[in-house]
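Novice: okay, here's the prediction I keep looking at, along with the sequence it came from:
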Amino acid sequence: EAAAEELLAHEGEDLTQEELWQRRLRAAGYYREAERFDDVISIYSDYLAQGTEHFGDHEFQQERRADLTELHEQQGRPGTALQWHERLLEAEERASGTSRSQYLASRSAVYLGRDAADEFAQIPLTAPLSDSIGRKRQAMTVAVDYFQQARAFGFGETVTESTWRLGELYRQLAQDVLDSERPSGLTELQAEQYEMLLEEEAYPFEERAIELHQRNQEHIPEGNWTRWVARSLEALAELYPARYERDTLWMEVRRD
C-alpha cells in the first residue's frame, strides 16, 4: 500500500505517457496485493479509458478487462462485471487477437450466456402458450448466440461448457413446455388433446438437447475430457436411457 502511494505521489512532469501508465499500473499491482480493490478498479478503468494508446498491447488490455470482471464480481457488483464482460468480448471482435485474448473472450461469452440463460429460465410459460413461448424463445436466442460465440473460439474448456449449457437450454425449454399453464375451461377430451399437443411441441427441443449432449461426447476421443463432457453424459443417461445403460421405460401406444 505504501509502495503504491509512493509511486503515485511522485508522478513528475518529465515522465512520458508510457512511463506514467507503467507507473500507475505498477501501483495498481501493489494495491491489489494490499487488497485495496477499489483503487485497483479505479486505475484499471482509467487506463482503459485513457491510456491504451500509450502503453500495452491488445492482449495486455484484455487481461485488464478480465481483471475488472473478477474484481467487480468479488466486490458484489455483478451488473458492472457483466458490462466489462461485454466490453471484453466487443474488443476481441474488433481486433486480431492472440490465443490468450481469445481464450479470455471465450470465457466472457460463456459468462454472458449464463446470465442470459438465467433470464430465460425466469420467464414463465402461461396460457395462451403461443404468446408466451415466443417471448421465451426470444430470450433463449440471446443465450444461444453467446454460447455459439464461445464455441467458435475453439477452446476445449469453453467449447464443452457452452455445448453442455446449450443442451440444457433446450432441455429446459422442453420441460417448461410440458409444465406450462393449461388453459381453463377445457373438457376432458380437449385436455387430453392439449397434452398431446404439448408433447409434440416439446419433442423437437428434447431431440435438440440430446444432439448437443452427444456432440460433447464426441470430444472424448480428441482428449478433451472436461467436467462438462461428464455432465453431458449424465444428461444423456436421463434423456436417452435406452442407449446410455439405464432402465428403459416402455409406454403403450394406442392407435384408434
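Specialist: That came through, no problem. Treat the numbers as computed from the prediction; the structure is a model and nothing was measured.

Novice: show me the contacts for Thr160.
Specialist: Taking CB atoms under 8 Å, 6 or more residues apart in numbering, we find Thr160 in contact with Asn216, His219, Asn224, Thr226, Trp228, Val229, Ser232. Any C-beta I mention is one placed from the backbone N, CA and C, and that applies to glycine too.

Novice: pull the most distant pair out of those.
Specialist: For those, the farthest-apart pair by CB to CB is Asn224 and Ser232; their separation is 11.6 Å.

Novice: neighbour count winner among the two?
Specialist: Between Asn224 and Ser232, Ser232 has the larger neighbour count (other CB atoms under 10 Å), namely 28 against 16.

Novice: buried ones in whatever helix or strand that one lives in, by neighbour count?
Specialist: In this structure, Ser232 sits in helix 227-239 according to DSSP states H and E. Neighbour-count burial for helix 227-239 flags Trp228, Val229, Arg231, Ser232, Leu233, Ala235, Leu236, Leu239 (criterion: 16 or more other CB atoms under 10 Å).

Novice: what does stretch 167-185 give?
Specialist: Residues of stretch 167-185 classed as buried by neighbour count (16+ other CB under 10 Å): Gly167, Glu168, Leu169, Tyr170, Arg171, Gln172, Leu173, Ala174, Asp176, Val177, Ser180.

Novice: list the contacts of it.
Specialist: With contact meaning CB under 8 Å, 6+ apart, stretch 167-185 is reached by 117, 120-121, 124-129, 132-133, 136-137, 140, 143-144, 147, 191, 194, 198-199, 201-203, 205-206, 208-210, 212-213, 216, 232, 235, 239.

Novice: quick one: secondary structure of His54?
Specialist: Three-state call for His54 (DSSP: H, G, I helix; E, B strand; the rest coil): coil.

Novice: I figured it was touching Glu19, is that so?
Specialist: No - with contact defined as CB atoms under 8 Å, His54 does not reach Glu19; the gap is 9.2 Å.

Novice: mind listing the strands for this structure?
Specialist: With DSSP state E, there are no strands along the chain.

Novice: can you pull out the low-pLDDT segments for it?
Specialist: For the chain, applying pLDDT under 70 flags the ranges 242-256.

Novice: same thing but at 80, please
Specialist: Applying pLDDT under 80 to the chain flags the ranges 12-13, 220-224, 240-256.

Novice: please enumerate the helices of it.
Specialist: 2-9, 17-33, 37-46, 58-74, 78-94, 99-121, 129-152, 156-178, 188-217, 227-239 (DSSP state H).

Novice: next, the buried residues of the fifth one.
Specialist: What that stands for is helix 78-94. Thr80, Ala81, Leu82, Trp84, His85, Glu86, Arg87, Leu88, Leu89, Ala91, Glu92.

Novice: kindly export it (C-alpha atoms) in PDB.
Specialist: Listed next in PDB are the C-alpha coordinates belonging to helix 78-94 (Å, rounded to 0.1, in the frame of the first residue of the first chain):
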ATOM      1  CA  PRO A  78     -22.400  -8.500 -10.800                       C
ATOM      2  CA  GLY A  79     -24.100  -5.900 -13.100                       C
ATOM      3  CA  THR A  80     -20.800  -4.000 -13.600                       C
ATOM      4  CA  ALA A  81     -18.900  -7.200 -14.000                       C
ATOM      5  CA  LEU A  82     -21.400  -8.100 -16.800                       C
ATOM      6  CA  GLN A  83     -20.700  -4.800 -18.500                       C
ATOM      7  CA  TRP A  84     -16.900  -5.500 -18.500                       C
ATOM      8  CA  HIS A  85     -17.500  -8.900 -20.000                       C
ATOM      9  CA  GLU A  86     -19.400  -7.300 -22.800                       C
ATOM     10  CA  ARG A  87     -16.600  -4.800 -23.400                       C
ATOM     11  CA  LEU A  88     -14.000  -7.500 -23.400                       C
ATOM     12  CA  LEU A  89     -16.000  -9.500 -26.000                       C
ATOM     13  CA  GLU A  90     -16.600  -6.400 -28.100                       C
ATOM     14  CA  ALA A  91     -12.900  -5.500 -28.000                       C
ATOM     15  CA  GLU A  92     -11.900  -9.000 -29.200                       C
ATOM     16  CA  GLU A  93     -14.400  -8.800 -32.100                       C
ATOM     17  CA  ARG A  94     -12.600  -5.600 -33.300                       C
END
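
Novice: cheers, nothing more for now.
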